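Chemist: Pasting a predicted model and its sequence here:
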Amino acid sequence: MARVLFHVQHLLGIGHQSRAAAITRAMTAAGLDVIYATGGFPDSTLDLGGASVVQLPPARARDATFKTVLDETGRPIDDAWETRRREALLAAYHTAKPDAVLVEGYPFARRRFRFELLPLLQATKDDGAPVAVSVRDIVAQKSSPARAQETVDIVQRFCTSVLVHGDAAFISFNATFPAAADIADKIRYTGYVSPPFTPPQKAPTRDGVVVSVGGGAVGGPLIRCALAARPLTRLRDAPWRFMTGPNLPEPDRRALSASDGVSIEQFSSDFRGLLSRAAVSISQAGYNTVMDVLITRTPAVLVPFSQEGEIEQTIRAELLTHQSGFKFVPEPELTAKRLALAVDEVVFDTAPTTSIHTMNMDGAAETAKIMLHLASLKR
């Protein structure tokens with residue numbers, strides 16, 4: 001059985017890990033033996049489809065600036081920790097002896113972890129193991145031309161393929177990575193990674209509002225604003241369900257309280273089912289949440305996270321709001337009144353849904369197919 005080592009490092013939210021898990025499930029379903037090497041904190045609820053897990057010494061970002069990375073004890077990582085991580089990753093690689101390696105993000109992201117990823121890539125080069133990079137549709141690189149050239153150089157030296165989990169008909173990779181032409185021969189669009197969803201045979205009556213903030217680490221302001229906006233909307237008497245995510249800061253969590261018509265939950269095992277029955281979704285514009293909204297065809301108000309110079313979610317939200325069924329409220333302009341107006345506009349918009357829902361969402365299966373091929377090259 002062909003074997004793939006998949007390196008994944010999530011630092012703040014849960015989006016990267018959720019997408020990586022969907023890809024891992026698709027690879028195991030395709031017959032690959034997957035070694036999931038995770039550098040994030042353990043998550044016993046993650047469904048990896050039977051893949052083997054190698055838990056590296058875990059790390060997380062202190063906050064949304066990503067400037068400080070903390071170890072498992074809550075202290076900033078140092079040289080000794082980096083050495084321990086690097087040795088653990090290389091030991092996992094040499095033990096697994098994979099036929100191919102999949103790296104989440106690097107070198108387009110996760111540069112803070114180049115202390116272990118460059119040695120890993122060198123090991124694959126020495127062994128002749130093909131390497132693919134798993135990267136989302138939008139890479140919001142806050143970088144100079146020199147940084148972009150460094151990325152290109154690493155891809156050209158070490159990587160067989162760059163797997164872009166998007167659809168060029170929606171947004172091309174060069175829209176956010178201008179040096180894409182220099183690696184065009186390696187870029188493969190997989191389609192968006194979205195786990196399968198079977199809609200109800202009979203279309204449900206849509207009612208109420210679902211407010212979600214992904215993992216919740218930066219979702220407090222949106223949740224508080226949505227609570228304040230509820231009595232200002234035409235859906236004030238409908239049920240509102242708030243999904244806070246597991247990482248909502250404790251002060252934000254303590255400030256919330258359920259009331260008549262308002263329920264507050266950390267997560268739902270049937271989140272897509274909830275969306276498919278909701279009149280409107282209020283959320284940020286992260287990759288996974290947008291996929292959930294699209295596949296359930298739920299009218300949505302998007303409030304993209306844009307602090308600390310982040311532009312990825314704003315780009316995605318702006319693209320989507322050219323279609324019917326979406327409204328965009330910039331985070332710096334967020335008020336209860338503005339949010340309430342957007343909710344009413346999107347819910348009572350009678351324009352037909354456009355072809356945005358026909359974008360390719362078979363990214364996990366296509367990624368698995370590509371990794372099967374790459375693994376066969378070494379074999």
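Modeler: Looks like it arrived, so ask away.
Chemist: So residue 211 lies in a helix, does it not?
Modeler: No - using DSSP: H, G, I helix; E, B strand; the rest coil, the secondary structure at residue 211 is strand, not a helix.
Chemist: Could you check how many residues crowd around it?
Modeler: By other CB atoms under 10 Å, 26 other residues sit near residue 211. Heads up, the C-betas are built off the backbone N, CA and C, glycines and all.
Chemist: give me every residue that touches it.
Modeler: The neighbours of residue 211, taking CB atoms under 8 Å, 6 or more residues apart in numbering as the test, are 222, 223, 226, 240, 241, 242, 243, 281, 282, 283.
Chemist: beta partners for the last one?
Modeler: Right, residue 283. Residue 283 has these beta-bridge partners by DSSP bridges: residue 212, residue 302.
Chemist: Was I right to think it contacts residue 293?
Modeler: Yes - Residue 283 lies in contact with residue 293 (CB atoms under 8 Å); the separation is 7.1 Å.
Chemist: circling back: sitting in strands, which of the contacts of residue 211 do you find?
Modeler: 240, 241, 242, 243, 281, 282, 283 (DSSP state E).
Chemist: Columns pLDDT on top of those, output as a markdown table?
Modeler: Formatted as a markdown table, the ones in strands among the contacts of residue 211 follow (pLDDT from 0 to 100):
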| residue | pLDDT |
| --- | --- |
| 240 | 96 |
| 241 | 95 |
| 242 | 94 |
| 243 | 93 |
| 281 | 97 |
| 282 | 97 |
| 283 | 96 |
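Chemist: any idea where the strands of the stretch 151-300 of the chain begin and end?
Modeler: With DSSP state E, counting those that start in this stretch applied, the stretch 151-300 of the chain shows strands at 161-165, 187-189, 209-212, 240-243, 262-265, 280-283, 300-302, listed in chain order.
Chemist: Could you tell me which strands sit next to the fourth one in the sheet, and their orientation?
Modeler: Read it as strand 240-243. Here strand 240-243 is paired, per DSSP bridges, with strand 209-212 (parallel), strand 262-265 (parallel).
Chemist: what residue ranges in the chain are flagged as low confidence?
Modeler: Within the chain, the stretches with pLDDT under 70 are 141-143, 201-203, 350-357, 379.
Chemist: what separates the longest helix along it from the chain centre, distance-wise?
Modeler: Criterion DSSP state H: the longest helix present in the chain is helix 79-96. Its chain's C-alpha centre and that of helix 79-96 lie 25 Å apart, by CA atoms, centre = their mean, to the nearest Å.
Chemist: Would you map the helices across the stretch 251-379 of the chain?
Modeler: 271-277, 287-296, 312-320, 336-347, 363-378 (DSSP state H, counting those that start in this stretch).
Chemist: which one of the ones you listed lies closest to residue 63?
Modeler: helix 312-320 (16.9 Å; CB to CB).
Chemist: that older thread, overlap in contacts, residue 283 and residue 293.
Modeler: By CB under 8 Å, 6+ apart, the residues touching both residue 283 and residue 293 are residue 300.
Chemist: Show me what the longest helix of the chain is packed up against.
Modeler: Judged by 3 or more CB pairs under 8 Å, 6 or more residues apart in numbering; DSSP states H and E, the packing partners of helix 79-96 are strand 3-8, strand 33-38, strand 52-55, helix 114-127.
Chemist: quick one: contacts of the last one?
Modeler: Okay, so that is helix 114-127. Identification of contacts with helix 114-127 by CB under 8 Å, 6+ apart yields 7, 82, 85-86, 89-90, 93-94, 97, 101, 103, 106-107, 110, 130-131, 154, 157-159, 378.
Chemist: Now which of those residues would you call buried?
Modeler: Among the contacts of helix 114-127, those scoring as buried are 7, 82, 85-86, 89, 93, 101, 103, 106-107, 110, 130-131, 154, 158-159, 378 (criterion: 16 or more other CB atoms under 10 Å).
Chemist: Tell me how many other residues crowd the closest residue in space to residue 243 that isn't next to it in sequence.
Modeler: Nearest non-adjacent residue to residue 243, counting by CB to CB, 6 or more residues apart in numbering: residue 212, 4.0 Å away. By other CB under 10 Å, 28 other residues sit near residue 212.
Chemist: Contacts only, for residue 212.
Modeler: Contacts of residue 212 (CB under 8 Å, 6+ apart): 242, 243, 245, 271, 281, 282, 283, 289.
Chemist: One more: residue 197?
Modeler: Per CB under 8 Å, 6+ apart, neighbours of residue 197: 272, 276, 295, 296.
Chemist: ok, the first one touching residue 297?
Modeler: Meaning residue 272. No - the pair residue 272 / residue 297 is not scored as a contact, 10.9 Å apart, by CB under 8 Å.
Chemist: Show me which of these two is the more surrounded one.
Modeler: residue 272 (21 against 16).
Chemist: Quick check: the gap between that one and residue 33.
Modeler: Distance of residue 272 to residue 33, given as CB to CB, to the nearest Å: 29 Å.
Chemist: Report the two of the contacts of residue 197 separated the most.
Modeler: Greatest spacing in these, by CB to CB: 276 and 295 (8.9 Å).
Chemist: hmm, back to that, of the contacts of residue 212, just the buried ones, PyMOL syntax please.
Modeler: The PyMOL command for the buried members of the contacts of residue 212 (criterion: 16+ other CB under 10 Å) is given here:
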select buried, resi 242+243+245+271+281+282+283+289
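Chemist: contacting residues around the nearest residue to residue 107 once chain neighbours are set aside?
Modeler: Distance criterion CB to CB, 6+ apart; nearest residue to residue 107, sequence neighbours excluded, is residue 154 at 4.2 Å. Shown in contact with residue 154 (CB under 8 Å, 6+ apart): 106, 107, 118, 121.
Chemist: Which one of the residues you listed is nearest to residue 195?
Modeler: Minimum distance to residue 195 across those is 24.2 Å, recorded for residue 106 (CB to CB).
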